[in-house]
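**Student:** quick one, what's the 3D model for this:
(2 chains)
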Amino acid sequence: MPELIRVKMSDIEYGAAPDVLVTLGLGSCIGVCVYDPFLQIGGMAHIMLPDSQLARGIVNRGKFADTAVPDLVEGLNEKGAVKTRMIVKIAGGAQMFTMFGQEDKIQIGPRNVVAVERTIAKLGLRLNGRDVGGHSGRTVYFDLSTGAITIKTLQTEINL
Amino acid sequence: MSFIDGLSSIQLDALREVGNIGAGHAATALSQLLKNKVIMTVPRVNLLSLSEACDFIGGPEQPMVGVYLRVFGEAPSKILYLFPKEQALFLAGLLMGENSKIRNILGELEVSALKEIGNILTGAYVNAFANFTGIQMLSSVPALAYDMVGAILSAILVDLGEVGDYVALIETELTACELNISGHFFLIPDPGSLGTILEMLGVKGECQNSSGSKCPT
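**Tutor:** Coordinates of the predicted model:
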């Protein structure tokens, strides 16, 4: 039986075929999915914020784009995945509320997208698919048998 | 690390009372608006990890209408109202008058009506709160989203993640029995505000727990 592995906010979870990694109700957060098709293993990070420099105090590395993405790739490396085979897809980064006043400037969703893409590029990885931005919450299913990503909103369902 | 240990029972009571006064006034305002009796639960004060907070009862994928306001002043906070869609539409219909048909879509008119309800309830709340604590507060223009409740909550709580992994949620349920409307009211103090509120209530120094951990101020 395929197991459904839930990836909660600021968590990084790994799995192998036939498991499915899932994150429910992504708002401005981003689900980063990395897959090795040869080993049929993958991992998902559920990042909340763009930059660990923003943190005060102890840094929870799973929370920030610039720390969580390298950790995710490193974790898969340890499981035998090879960078050149890695397929990277991201989803999320919506702006849930059309904001007002000063908060307009700090749209966290779009900033998360930029930070995640920059980190992926810095690691020398190629982004193979993205469904980001907009104003809708997303649920992301990451099927580790195929590497396919299914993104559901209240209205739509798309595959990456 | 559990923050709930960092608050003494007297502090929790004080926060519950803050929620009580606020929700009480919001309930009165709502009841006048609906011309119907509105009851409220005793507020729950929860100190949750951010991911727990987004695991709303019924699951994070449940569709909900959220009306969100910022409160500015000495104790900046966030206020969120959550209603299931049908009930939100019914509420909007009530506000727009008996002559208007309840449409089954969340159009511009409905959105505007619901935001206004958020405004009215928050106005009542903020006034009561200011009178009780002496903290001056001012609420922002409301914003509205209809989406999965997890997405709504996480988008609101995300900036708290810069400071820590925990959030204080003061939650009350408002129910208009005869109309079968039930909504959730959340007060979410910004990280520094919890301390300010406790200080104004005169219970800041009451933090005494066996583990000796510091107050989450």
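**Student:** which strand residues bridge the closest residue to A:Val22 other than its chain neighbours?
**Tutor:** Spatial nearest neighbour of A:Val22, excluding adjacent residues (Cβ to Cβ, 6 or more residues apart in numbering or on different chains): A:Tyr141 at 5.1 Å. The C-beta positions use only the backbone N, C-alpha and C, and glycine is treated the same way. Beta-bridge pairing for A:Tyr141 (DSSP bridges): A:Val22, A:Thr150.
**Student:** middle-most residue in chain B, spatially?
**Tutor:** Taking Cα atoms, centre = their mean, the centroid of chain B lies closest to B:Phe186, which sits 1.8 Å from it.
**Student:** all helices of chain B, in order?
**Tutor:** For chain B, the helices defined by DSSP state H cover B:9-34, B:50-54, B:85-96, B:108-133, B:149-157, B:193-200.
**Student:** confirm for me that the residue nearest to A:Val22 is in contact with A:Ile149.
**Tutor:** Yes: between A:Tyr141 and A:Ile149 there is a contact at 6.9 Å, judged by Cβ atoms under 8 Å.
**Student:** neighbour count: those two, which is higher?
**Tutor:** For A:Tyr141 versus A:Ile149, the count of surrounding residues by other Cβ atoms under 10 Å in any protein chain shown is larger for A:Ile149: 26 against 19.
**Student:** and the gap between that one and chain B?
**Tutor:** 17 Å (Cβ to the nearest Cβ, to the nearest Å).
**Student:** show me what from chain A comes close to chain B.
**Tutor:** Neighbours of chain B within chain A, by Cβ under 8 Å from any Cβ of the partner chain: A:8-11, A:24-29, A:48-49, A:54-57, A:60, A:63, A:94-101, A:103, A:106, A:108-109, A:135-139, A:153-154.
**Student:** neighbours of residue 17, how many?
**Tutor:** You didn't say which chain, so I picked chain A. 16.
**Student:** ah, I was thinking of chain B
**Tutor:** B:Glu17, neighbours per other Cβ under 10 Å, totals 14.
**Student:** how close does the spatially closest residue to it that is not a sequence neighbour get to chain A?
**Tutor:** Of all residues beyond its chain neighbours, the one nearest B:Glu17 is B:Leu201 (7.8 Å), with distances taken as Cβ to Cβ, 6+ apart. To chain A, B:Leu201 is 25 Å away according to Cβ to the nearest Cβ.
**Student:** can you give me the neighbour number for B:Leu201?
**Tutor:** Neighbour number of B:Leu201 under other Cβ under 10 Å is 20.
**Student:** try A:Val116
**Tutor:** 27.
**Student:** pick the most deeply packed of the helices of chain B.
**Tutor:** For those, the stretch with the most neighbours on average is helix B:149-157, a mean of 27; neighbours defined as mean count of other Cβ atoms under 10 Å in any protein chain shown.
**Student:** may I have it as PDB, with CA atoms only?
**Tutor:** What follows is the C-alpha trace of helix B:149-157 in PDB, where atoms were taken according to Å, rounded to 0.1, in the frame of the first residue of the first chain:
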ATOM      1  CA  VAL B 149      -8.500  27.300   5.700                       C
ATOM      2  CA  GLY B 150      -4.900  26.100   6.000                       C
ATOM      3  CA  ALA B 151      -3.800  28.500   3.200                       C
ATOM      4  CA  ILE B 152      -5.700  31.400   4.900                       C
ATOM      5  CA  LEU B 153      -4.200  30.700   8.300                       C
ATOM      6  CA  SER B 154      -0.700  30.100   7.100                       C
ATOM      7  CA  ALA B 155      -0.700  33.300   5.000                       C
ATOM      8  CA  ILE B 156      -1.600  35.300   8.100                       C
ATOM      9  CA  LEU B 157       0.700  33.500  10.500                       C
END
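**Student:** what residues does it touch?
**Tutor:** Contact with helix B:149-157 is made by A:9, A:24-29, A:48, A:94-97, A:108-109, A:136-138, B:50, B:53-56, B:58-64, B:66, B:68, B:78, B:80, B:82, B:145, B:167, B:188, as judged by Cβ atoms under 8 Å, 6 or more residues apart in numbering or on different chains.
**Student:** now, of those, which are buried?
**Tutor:** A:9, A:24-29, A:48, A:94-97, A:108-109, A:136-138, B:50, B:53-56, B:60-61, B:64, B:66, B:68, B:78, B:80, B:82, B:145, B:167, B:188 (16 or more other Cβ atoms under 10 Å in any protein chain shown).
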